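[1] coords please:
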Amino acid sequence: ELMLFYNIQSNSHSAFKPPQILTPLTVNHKYCAQFGQNPTAEEAKEEQNLLRSIAWPGPLVQGLPVELSSDPAKSYFVIQGPAEQHIGGQLVVDVHVQNFLGLPKKHGGDFLIARLHSPELGAGVSGKVYDHQDGNYTVLFPLLWAGVVQVEITMVHPSEAVVVLKRLQKEHPYRGFFKSLFRSGEVSETTFCNLCLPLNQPLCNYTDLETGEPWYCYKPKRLGCDTRVTHYNVGMKQKLITEYEEQFFQGGINLKSPIHASGRCSVTVLPAEEEQTSVKNYHAASGYYYNNSWMPLNAMDVHHFEDSAAITTCLKGKIVHMLGDSTVRQWFEYLTAFVP
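    All right, here's what the predicted structure looks like:
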């Protein structure tokens, strides 16, 4: 059974929660409008635990000249171990980040992603990146199939860009603009919406009564909150970073750019050795792709369909709950349109 966010119905707007009208009141402005009081000790502890769990490794050095920032083209990785290894083992890769002058970085914080794949087999698995906080990183891959496997390391953001992203998150947490359309008869209005809005005019409160997820819209001048019919993304705030900061977000230079190997970039994986009884999976990958199909590593039973008609037959008459991001929303819209 899929765990999902959207309850698939013929009309998506019917999922809107009953609204409430909010009028300006005095709140603790350290928190969003939906929090009219300080968190409890238990809530504060949970908040700190969550923040610690997503804290980016430092130090995050600010104000470096661009030539001293991380350069994917000057950086490199080295595969450890022999050129032939076995299923069930673990591939270790060392990554060394250097600046534009070709000198080793002395701090970590770069955002790296790693993939081990065999394109001809339709196979791939992600790697776990460990930051030693000195410009060096170790990547671990489980070896799950036989054949030639290629290592691919990508620098999504240098550590200097992460500094900028952290500033934006702190200073401009709500960078997106959203609107809702309200309609009753021939009268219609649009107003801005977001997770938090200033209390300088009445708001419509669409906070989810079950999950507590906040959502607010400015109340239309002539219509009630219960006349909301649709919601859409308007765009993002512009010019939030300086010209200096823009240099850390250059496509093809330091934004989603590959780090190349020093030496070989692949190994040959042989069948498991006789004494090998299980796959070493220290970084707890949830699964991998083989023959372009998802293969879970947590013993979950995944049904593979041969064609789209079989998928439609399976989903027909079912209630599916979807949990996810905008990609899941696209699946939601597709399924409600094409599945009977």
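[2] the stretch 101-250 of the chain: helices as residue ranges?
    159-171, 243-246 (DSSP state H, counting those that start in this stretch).
[3] of those, which shows the lowest average pLDDT?
    The minimum mean pLDDT among the helices of the stretch 101-250 of the chain belongs to helix 159-171 (a mean of 90).
[4] so what does the closest residue to Thr268 other than its chain neighbours have for phi and psi?
    Among residues not flanking Thr268 along the chain, Glu84 sits closest, at 4.9 Å (CB to CB, 6 or more residues apart in numbering). For every residue, glycine as well, the C-beta is placed using N, CA and C. With angles defined as degrees, to the nearest 10, Glu84 sits at phi -120, psi 130.
[5] ok, now Asn49?
    phi -60, psi -40.
[6] OK, contacts around the nearest residue to Leu223 once chain neighbours are set aside?
    Of all residues not flanking Leu223 in the chain, Phe182 sits nearest, at 4.6 Å (CB to CB, 6+ apart). Phe182 sits next to Ser188, Glu189, Thr190, Thr191, Pro220, Leu223, Thr227, Arg228, Val229 when contact means CB atoms under 8 Å, 6 or more residues apart in numbering.
[7] now, of those, which are buried?
    By neighbour count, with 16 or more other CB atoms under 10 Å, those hold Glu189, Thr190, Thr191, Pro220, Leu223, Thr227, Arg228 as buried.
[8] was I right to think the fourth one contacts Phe192?
    What that stands for is Pro220. No - if you go by CB atoms under 8 Å, Pro220 and Phe192 don't touch, sitting 11.2 Å apart.
[9] quick one on the thing from earlier: just the contacts of Phe182: which are in strands?
    Of the positions in those, Ser188, Glu189, Thr190, Thr191, Arg228, Val229 sit in strands, assigned by DSSP state E.
[10] for the third one, name its beta-bridge partners.
    For Thr190, the beta-bridge partners under DSSP bridges are Leu181.
[11] pretty sure it contacts Phe177?
    No - with contact defined as CB under 8 Å, Thr190 does not reach Phe177; the gap is 11.5 Å.
[12] tell me the pLDDT of Ser262.
    For Ser262, the pLDDT comes out at 97.
[13] which residues does it contact?
    Tyr76, Phe77, Val78.
[14] how near is it to Ile153?
    From Ser262 over to Ile153 the distance is 11 Å, taken as CB to CB, to the nearest Å.
[15] which neighbours do the two share?
    In contact with both Ser262 and Ile153: Phe77, using CB under 8 Å, 6+ apart.
[16] what residue ranges in the chain score low on pLDDT?
    Within the chain, the stretches with pLDDT under 70 are 1-38, 58-59, 276-284, 340.
[17] now do 80
    By pLDDT under 80, the low-scoring segments of the chain are 1-39, 57-62, 173-174, 210-212, 274-285, 299-300, 306, 338-340.
[18] domains of it?
    15-56+174-242, 70-164+244-297 (automatic domain parsing).
[19] among these, which is the most enclosed?
    domain 70-164+244-297 (a mean of 17; mean count of other CB atoms under 10 Å).
[20] what's the span of it, first residue to last?
    Terminal residues of domain 70-164+244-297 lie 35 Å apart, using CA to CA, to the nearest Å.
[21] kindly report the same for stretch 99-115.
    Per CA to CA, the first residue of stretch 99-115 is 23 Å away from its last.
[22] surely Lys179 meets Thr230?
    No - taking contacts as CB under 8 Å, Lys179 lies outside contact range of Thr230: 9.1 Å.
[23] if we can go back for a sec, among the domains of the chain, which is nearest Glu333?
    Between Glu333 and the domains of the chain, the tightest spacing by CB to CB is seen for domain 15-56+174-242, at 12.8 Å.
[24] now do the strands in the stretch 101-250 of the chain.
    Along the stretch 101-250 of the chain, counting by DSSP state E, counting those that start in this stretch, strands occupy 111-118, 123-126, 128-131, 136-142, 147-157, 176-184, 187-194, 203-205, 216-218, 228-236.
[25] out of those, the one nearest Asn291 is which?
    Here strand 123-126 is closest among the strands of the stretch 101-250 of the chain (CB to CB), at 7.2 Å.
[26] other SSEs contacting that closest one?
    Other elements packing on strand 123-126 under the criterion 3 or more CB pairs under 8 Å, 6 or more residues apart in numbering; DSSP states H and E are strand 111-118, strand 287-290.
[27] just the residues contacting it, thanks.
    Taking CB under 8 Å, 6+ apart as the rule, strand 123-126 contacts 113-118, 141-142, 144-145, 147, 149, 285, 287-291.
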